[in-house]
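>>> return a 3D structure for these sequence lines:
(2 chains)
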Amino acid sequence: MSRFKKGKKTEMKAINTASLPDIIFMLLFFFMVTTVMREVTLIVKIKPPEATEVQRLEKKSLVSYIYIGVPVKSALFGTKPRIQLNDQFAKVEDIPSFIAAERQARDENDRKFLTTSLKVDEGIRMGIVTDVKQELRKSGAFRINYSTRKVEKLNFAKF
Amino acid sequence: MAKPVQEINAGSMADIAFLLLIFFLVTTTMDVDTGISRRLPPPLTGDEKPPDINERNIFTVMINNRDRLLIDNKPGDIRTLRQQTKEFLNNPQNLEDKPEMVLKDIPLLGKVRVPKNAVISLKNDRGTSYKMYIAVQNELTAAITELRNELALEKFGRRFTELTNEDQIKAIQDAIPIPISEAEPVDIGGQ
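Below is the predicted model of the structure:
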């Protein structure tokens, strides 16, 4: 009277994981293609201002960055806005040599297309930005880009 | 008889791929850089004479250290700046105090009504906040983009921002340049 099978439980079959690496590799390649290497570690706080009329910065290899903001470790470095060039704090006088170094690192034909991207925190005053711009003018780096966040509409109530 | 080739255990392959994946997630950023592009003027040598520009051809925008605007010597507002800039740049009613409009012959466009030599002069204080400065730059750019869009729609049936033909883009840029000139900054309010 063995209407029901007795004994011998059906064992769970192991899922075939042979294609798992392929899936992960696919993800890996996706991230490798869509992202860029982080160029510096920020030591100043930067929240770019909002704007609607923004352009994308083409050719990342021809862009050099100047960061201006309040130090992240304000207990250690104070709350005055500082300039960051390549992983360290800098003074306004350091900009010409920074621009010269950036030019040296590029191909000769590309040098005139070198753009300086100013990544500046929205809360700081124009004084330091003006000083930087004057130095850039003196060093002949005329193409600049004010880094901004793209929004659909500016909220004027905040001004 | 040849030895059967032993199969390589690929069980840890996924782990290796995961490690690589996490490494890339941590060291890379995805953000695209966007911003407002500008060209700085060459440095002053000290012996320039101030250019002789008629009063009607200059549109002055000044921002003080309290982020208040002075537009054409009258207290202004950021909300109306875009409209005012547009009116200055195309002078729809041919007013005496707005720039003189002339017909300019531009290849691909034919005769276009453009201001003869209009300049937007932007001046800020050292105490102006960066946020306000960018907002003003943004509104000025927006006014120019709107004018370009209107012209492109009229001539090519597409907005300027949607044009793909290099010659067409150049023609529109020729007709409506970005005439923003930044005055040497002042320090009145202090920081």
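>>> can you map out the strands along chain A?
With strands called from DSSP state E, chain A shows them at A:36-37, A:44-45, A:50-51, A:55-56, A:63-71, A:82-85, A:88-90, A:115-120, A:143-147, A:149-150.
>>> average pLDDT for stretch B:102-117?
Per-residue pLDDT over stretch B:102-117 has a mean of 83.
>>> in PDB, could you pull the C-alpha coordinates for that stretch?
Provided in PDB are the C-alpha atoms of stretch B:102-117 (Å, rounded to 0.1, in the frame of the first residue of the first chain):
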ATOM      1  CA  VAL B 102      21.900  97.400 -37.400                       C
ATOM      2  CA  LEU B 103      21.300  94.900 -40.100                       C
ATOM      3  CA  LYS B 104      24.300  92.600 -40.400                       C
ATOM      4  CA  ASP B 105      24.800  90.200 -43.200                       C
ATOM      5  CA  ILE B 106      25.800  86.800 -41.900                       C
ATOM      6  CA  PRO B 107      26.300  83.700 -44.200                       C
ATOM      7  CA  LEU B 108      23.500  81.200 -43.800                       C
ATOM      8  CA  LEU B 109      21.300  83.700 -42.000                       C
ATOM      9  CA  GLY B 110      21.100  86.600 -44.400                       C
ATOM     10  CA  LYS B 111      20.400  90.000 -42.900                       C
ATOM     11  CA  VAL B 112      20.000  89.900 -39.100                       C
ATOM     12  CA  ARG B 113      19.000  92.700 -36.800                       C
ATOM     13  CA  VAL B 114      21.800  92.900 -34.200                       C
ATOM     14  CA  PRO B 115      23.000  95.500 -31.800                       C
ATOM     15  CA  LYS B 116      25.900  97.500 -33.200                       C
ATOM     16  CA  ASN B 117      28.200  97.200 -30.300                       C
END
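>>> pull the residues that contact that stretch.
Contacts with stretch B:102-117, where a contact means CB atoms under 8 Å, 6 or more residues apart in numbering or on different chains, come from B:53, B:57, B:89-91, B:99-101, B:151, B:155, B:167-168, B:171-172, B:174-176. The way it works is simple: take the backbone N, C-alpha and C, and place the C-beta from them, glycine included.
>>> which of those fall in helices?
Among the contacts of stretch B:102-117, DSSP state H puts B:89, B:90, B:151, B:155, B:167, B:168, B:171, B:172, B:174, B:175 in helices.
>>> these, buried ones only, as a ChimeraX selection?
The ChimeraX selection below is limited to those of those classed as buried (16 or more other CB atoms under 10 Å in any protein chain shown):
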select /B:89,90,151,155,168,171,172,175
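>>> the one helix or strand in chain A whose mean pLDDT sits lowest and chain B, are they touching?
Ranked by mean pLDDT, DSSP states H and E, the weakest helix or strand in chain A is strand A:36-37, scoring a mean of 74. Yes: Strand A:36-37 is in contact with chain B by CB under 8 Å from any CB of the partner chain, via A:36, A:37.
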